[in-house]
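Novice: Sequence plus predicted model, see below.
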Amino acid sequence: MEPPDFKATNLTVEPEQRAYPLCDKWRDGSESSVFQLANIFLLLGFMGGSDVFGRFYMFTFLTLGFFCATLWAWTDSCTIDAFLWCLALFAVCLGKFLRAAGRIRSVSFQRDFQELYMCMFKKIGVSRSQFGKIVSCCDRNIHTIEKDHFFAIEGKTSIDKLSLLMSGRIRVTVNGEFLHYIYPFQFLDSPEWDSLRPSEEGVFQVTLSADNPCTYVSWRRKKLYLLFAKHRYIARIFALVVRNDIAEKLYSLNDSAFNCSGHRYDLRLPSYCHMPGTELEVPMKVPVQVEMSA
């Protein structure tokens, strides 16, 4: 039997066509403009800071950078692994960007609260995120008082909140006698707040009325103490600003501590002594015994 003639049969097998061409050599030219833009965005993104706005800035550019890198990898058939990595990193950065945007929205305030933060809390080192917790505790509500209306009446209004004047002017009186004014960014009831323990109850010893249309913000007592229990730093901040406010009120009363009958006012603190001013100022006379000569 003769062996088969393979040359005559021509059993050549044609090579299988590949779905993607092989990368046999390096590119002669530079990459596309999308690739260059992706790296520019990544460079800008890595310059971001560590605070809320810094993270928002960073993940904004990182998201754009990895998105451009994903587009570049998609158009090149030789970079399927690079495409998958860029797509995964784009998804991660997009999630971080949305989270940072949500936090930015949570610490953005309306004009009145923004002014309160700049004038009172920022200069003592309170961050915007911490101030956001303070604002959330009062439900972001601004209350109003019309002219000649009362915020508190002595002996009747209970002490169940801490309030801060935002605009206008409040007149403080006791037994119909004028004590002092309260101006914007001063507490309306700081002495009452500081004079009671968390479990105690009390009523105002002074009357507070509006000299003109006023706005104020209030924190409910129980809700504010819950915030203090969770955030000790905020509790220390409130202790600082409340006691500083009390000291300013006491200094403002230094020149008007006596009424027309010479009696010293309570000065809105329960431990203050009630004594006539004349008795404090006039020295006590000691009787002298005179011996009669015999």
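Specialist: Good, I have the coordinates.
Novice: how far does the longest helix anywhere in the chain sit from the chain's center?
Specialist: Across the chain, the longest stretch assigned as helix under DSSP state H is helix 80-106. Mean-position distance between helix 80-106 and its chain equals 26 Å (CA atoms, centre = their mean, to the nearest Å).
Novice: Show me where the stretch 51-200 of the chain dips below the pLDDT cut-off.
Specialist: For the stretch 51-200 of the chain, the stretches flagged by pLDDT under 70 are 77, 105-108.
Novice: Hmm, Thr60 and Phe97 touching each other?
Specialist: Yes: using CB atoms under 8 Å, Phe97 is in contact with Thr60, at 5.9 Å. (Each C-beta comes from the backbone N, C-alpha and C, glycine too.)
Novice: if we can go back for a sec, on contacts alone, who are the packing partners of the longest helix of the chain?
Specialist: helix 52-75, helix 128-137 (3 or more CB pairs under 8 Å, 6 or more residues apart in numbering; DSSP states H and E).
Novice: could you give the angle of it to helix 128-137?
Specialist: Per axes from the mean of the first three to the mean of the last three CA atoms, to 10 degrees, the angle that helix 80-106 makes with helix 128-137 is 50 degrees.
Novice: and after helix 80-106, which helix or strand comes next?
Specialist: helix 111-116 (DSSP states H and E).
Novice: What are the buried residues along that following helix?
Specialist: Phe113, Leu116 (16 or more other CB atoms under 10 Å).
Novice: Check the secondary structure at Cys78 for me.
Specialist: coil (DSSP: H, G, I helix; E, B strand; the rest coil).
Novice: Just give the number of residues close to it.
Specialist: Cys78 has 12 neighbours, counted by other CB atoms under 10 Å.
Novice: likewise Tyr117?
Specialist: 20.
Novice: Could you measure from the nearest residue to it once chain neighbours are set aside over to Val203?
Specialist: The shortest distance from Tyr117 to any non-neighbouring residue, by CB to CB, 6 or more residues apart in numbering, is to Phe131 (5.1 Å). Distance of Phe131 to Val203, given as CB to CB, to the nearest Å: 31 Å.
Novice: Please say which of these two ends up with more neighbours.
Specialist: For Phe131 versus Val203, neighbours defined as other CB under 10 Å are more numerous around Phe131 (21 against 14).
Novice: need the contact list for that one.
Specialist: Shown in contact with Phe131 (CB atoms under 8 Å, 6 or more residues apart in numbering): Val107, Phe109, Phe113, Tyr117, Phe121, Lys122.
Novice: From Val52, how far off is it?
Specialist: For Phe131 relative to Val52 (CB to CB), the value is 12 Å.
Novice: Make sure I have this right: Leu165 is in a strand.
Specialist: Yes: checked against three-state DSSP, Leu165 lies within a strand.
Novice: wait, isn't Pro191 in contact with Lys249?
Specialist: Yes: contact criterion CB under 8 Å: Pro191 and Lys249 qualify, at 6.9 Å.
Novice: Which of these two has more residues huddled nearby?
Specialist: Pro191 (23 against 20).
Novice: what about the more buried one, which helix or strand?
Specialist: helix 190-195.
Novice: Could you identify the helix or strand that succeeds that helix?
Specialist: Trace forward from helix 190-195 with DSSP H and E and the next one is strand 207-210.
Novice: Show residues contacting that following strand.
Specialist: 145-154, 168-174, 182, 188-189.
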